[in-house]
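Undergrad: Build me a model from this:
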Amino acid sequence: VQLQASGGGLVQAGGSLRLSCAASGRTFSTYAVGWFRQAPGKEREFVTGISWTGGGTYYTDSVKGRFTISRDNAKNTVYLQMSSLKPEDTAVYYCAAVIYGSSRSVTYDYWGQGTLVTVSS
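TA: Model prediction:
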């Protein structure tokens, strides 16, 4: 499966953005999808994941209550709605997929190219 992340940009603190992860392939509905981010000079971190069934989601503590992950299998797309953005959310955001994974999968087989989110203070 091939993944294409998009939707990044520059936003002021407190604002919102919606990222999209579009996938190719007819079996997208069998893949769990996770969003990761990597800030300058920092290691990549897991942000949120959604199970292949769509019934399970998981968020790292720093984004709980502000970010929402969802999927539309008819459109082969997973979304990351980000609200109340903070400057510390600034990073390149990547989506990744693993077949039959859970919302807490730690190993992913396919990765998108990343989209830059910049939150100004």
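Undergrad: which SSE is the residue most central in space within the chain in?
TA: The chain has residue 35 as the residue nearest its centroid, 2.8 Å off, counting by Cα atoms, centre = their mean. Element membership of residue 35 [criterion: DSSP states H and E] is strand 31-38.
Undergrad: Could you spell out the sheet neighbours of that strand, each with its direction?
TA: strand 45-50 (antiparallel), strand 91-99 (antiparallel) (DSSP bridges).
Undergrad: Return the set of buried residues in it.
TA: 31, 32, 33, 34, 35, 36, 37 (16 or more other Cβ atoms under 10 Å). (Each C-beta comes from the backbone N, C-alpha and C, glycine too.)
Undergrad: chain center to that strand: distance?
TA: In terms of Cα atoms, centre = their mean, to the nearest Å, the centre of strand 31-38 is set 5 Å apart from its chain centre.
Undergrad: How about stretch 35-54?
TA: Put simply, stretch 35-54 sits 6 Å off its chain's centre (Cα atoms, centre = their mean).
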